[in-house]
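Visitor: Structure for the following, please:
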Amino acid sequence: MNREPDLLPLFGLLVPATFGSLVGLRYRSEQTLQQRLWAFAISVGLGVIGGGVCGEAWHFGPWIVAAVAAFVAIVGQDVVGAIIVVVGGMRTDPLGTVRAWWNLWWNRSSR
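Guide: Down below sits the predicted model:
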């Protein structure tokens, strides 16, 4: 018996996550090419894993799993982008970056 593996479930998770990551990547013009590639790869991975985990945990159908994978990839792109901005700010001005994020989080004006 020469049975080939069924790759359709893999594409069912990979295609929506890739699409979601591309949507999130569209507005990342302030990043370098290397940062964009890393953010793309990480968010696709998060989308594939997150969609599969949610589908298994809550017994979702394939359409819902695809939507969850795309949504997780879009949110993952934003999270990775925020981490890149914070790390870039920490390299140049660590105290100013912490103060800016603290004021942003607690809704205070910077002095």
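Visitor: Next, name the residue at the spatial heart of the protein.
Guide: Against the mean C-alpha coordinate of the chain, by Cα atoms, centre = their mean, the closest residue is Gly76 at 1.7 Å.
Visitor: what about that residue, distance to Arg26?
Guide: 14 Å (Cβ to Cβ, to the nearest Å). From N, CA and C alone the C-beta is placed, and that goes for glycine too.
Visitor: Which residue ranges of the protein form helices?
Guide: Using DSSP state H, the helices of the chain run over 8-25, 33-58, 62-92, 94-106.
Visitor: Quick one: distance of the longest one to the chain centre.
Guide: Read it as helix 62-92. 3 Å (Cα atoms, centre = their mean, to the nearest Å).
Visitor: now the angle between helix 94-106 and that helix, please.
Guide: With axes from the mean of the first three to the mean of the last three Cα atoms, to 10 degrees defining the directions, helix 62-92 sits at 140 degrees from helix 94-106.
Visitor: quick one on the thing from earlier: can I get the helices of the chain in TSV with mean pLDDT?
Guide: Converted to TSV, the helices of the chain look like this (pLDDT from 0 to 100):
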stretch	mean pLDDT
helix 8-25	81
helix 33-58	90
helix 62-92	88
helix 94-106	86
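Visitor: Kindly provide the distance from the residue nearest to Leu46 when sequence neighbours are not counted to Trp38.
Guide: Of all residues beyond its chain neighbours, the one nearest Leu46 is Gly76 (3.8 Å), with distances taken as Cβ to Cβ, 6 or more residues apart in numbering. As judged by Cβ to Cβ, Gly76 and Trp38 stand 12 Å apart.
Visitor: Give the burial count for Val68, as a bare number.
Guide: 23 (other Cβ atoms under 10 Å).
Visitor: show me what contacts it?
Guide: 50-51, 54-55, 60 (Cβ atoms under 8 Å, 6 or more residues apart in numbering).
Visitor: hang on, the residue nearest to the centre of the chain packs against Val48?
Guide: No: the pair Gly76 / Val48 is not scored as a contact, 10.3 Å apart, by Cβ atoms under 8 Å.
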